[in-house]
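Chemist: Just a sequence and a predicted model for now, questions to come.
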Amino acid sequence: MLKNTLFETLQKVRDAKPLVHNITNVVVTNFTANGLLALGASPVMANAVEEAADMARIASSLVLNIGTLNPQTVDSMILAGKAANEQGIPVIFDPVGAGATPYRTETAQRIMRELKISIIRGNAAEIANVVGEKWEIKGVDAGRTNGNIADLAITAAEKLNCIVVITGKEDVITNGRTTYVVANGHPLLTKVTGTGCLLTSVIGAFTGVEKDLMQASVAAVSIYGIAAEKAAELTVESGPGSFQIEFLNQLSKVASDDINLYASIKKLAGGEQ
């Protein structure tokens, strides 16, 4: 995937300011909204059953995140997802903690069963548990990584019939036929709550302006990681609090020169690199 394509996609987000409808968890709502604003998108957090479907119909994309589950939120997700499906609006799903409890796993599988999901993003354990593979999970974090992440992602994409993004030390993006590995990012991301959830919403912003969902996903993951690397360079001695603030700054500042310098994308199978 050409580096100038990444910046062109980012510029589309900044120009169009896509409305990203988030039904997300209470832990990350503020950080997600600020991150989307920094990127150049327009966030909305509407989880009431009474308006979820109406908001989804006017959004550029819909992001569903099961981090803090309750029955009403799940009902809102299903209503919003069906409305988005009817309008051809991309639905991005973050199965936070799938595998940690039966309720989470069953809810994640219900969402995949009842809705047409465009992209699912999670760590290896979450994705494995959604598709019924055995993988350790600790709370909402991935446990030991035993197995080939790319193979898991491809298997999941084939089973779920959607694009799969597995994030970790390296990030894998696949539609089951073409697979990219992105090596951007920084370990400080794991010290700030909600960075994975924000990434899912950033993918939502990119899919709101780019019809090629693989291109949108790779661009979102790479640019997100580049912003993290730049933020870490400026704050690594100060700690995660300073990193969190600087990360928002860098999301708003990523330029074409940064992409040319930092982007680390490898194609594993098919397509253009």
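Modeler: Done, it's in. Please read all numbers here as calculations on a predicted model, not as lab measurements. Residues are numbered from 1 along each chain as shown.

Chemist: Is it correct that residue 35 is in contact with residue 252?
Modeler: No. Using CB atoms under 8 Å, residue 35 is not in contact with residue 252; the gap is 9.7 Å. C-beta: built from backbone N, CA, C; applies to glycine.

Chemist: what ranges do the helices span in this structure?
Modeler: 3-16, 29-39, 52-58, 71-87, 102-114, 124-130, 149-160, 195-207, 213-235, 240-253, 256-262 (DSSP state H).

Chemist: Can you check which of those gets nearest to residue 181?
Modeler: With CB to CB as the criterion, residue 181 lies closest to helix 149-160 of these, at 7.0 Å.

Chemist: May I have that closest one as PDB, with CA atoms only?
Modeler: Provided in PDB are the C-alpha atoms of helix 149-160 (Å, rounded to 0.1, in the frame of the first residue of the first chain):
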ATOM      1  CA  ILE A 149      -1.700 -14.000  14.800                       C
ATOM      2  CA  ALA A 150      -1.900 -13.700  11.000                       C
ATOM      3  CA  ASP A 151      -3.300 -17.200  10.700                       C
ATOM      4  CA  LEU A 152      -5.900 -16.400  13.400                       C
ATOM      5  CA  ALA A 153      -6.900 -13.200  11.600                       C
ATOM      6  CA  ILE A 154      -7.300 -14.900   8.300                       C
ATOM      7  CA  THR A 155      -9.400 -17.700   9.800                       C
ATOM      8  CA  ALA A 156     -11.500 -15.100  11.600                       C
ATOM      9  CA  ALA A 157     -12.100 -13.100   8.400                       C
ATOM     10  CA  GLU A 158     -13.200 -16.200   6.600                       C
ATOM     11  CA  LYS A 159     -15.500 -17.300   9.400                       C
ATOM     12  CA  LEU A 160     -17.000 -13.900  10.000                       C
END
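
Chemist: any idea of the mean pLDDT in it?
Modeler: Helix 149-160 shows an average pLDDT of 95 in the prediction.

Chemist: can you pull the buried residues of that helix?
Modeler: By neighbour count with 16 or more other CB atoms under 10 Å, helix 149-160 contains the buried residues 149, 150, 152, 153, 154, 155, 156, 157, 160.

Chemist: same check, this time on stretch 48-61
Modeler: Neighbour-count burial for stretch 48-61 [16+ other CB under 10 Å]: 52, 53, 55, 56, 59, 60, 61.

Chemist: ditto for stretch 110-122
Modeler: Of the residues in stretch 110-122, those buried (16+ other CB under 10 Å) are 111, 112, 115, 117, 118, 119, 120, 121, 122.

Chemist: Of all pairs in those, which one is the farthest apart?
Modeler: So, these by CB to CB: farthest apart are 115 and 122, at 15.8 Å.

Chemist: Export the helices of the chain to CSV and append columns for distance to residue 186.
Modeler: Compiled in CSV, the helices of the chain are given as follows (distance: least, CB to CB, whole Å):
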stretch, distance to residue 186
helix 3-16, 18
helix 29-39, 15
helix 52-58, 33
helix 71-87, 31
helix 102-114, 28
helix 124-130, 19
helix 149-160, 19
helix 195-207, 10
helix 213-235, 4
helix 240-253, 8
helix 256-262, 11
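
Chemist: related to what we said a few turns ago, go through the buried residues of helix 149-160 and name the one nearest residue 223.
Modeler: Looking across the buried residues of helix 149-160 and measuring by CB to CB, the closest to residue 223 is residue 153, at 19.8 Å.
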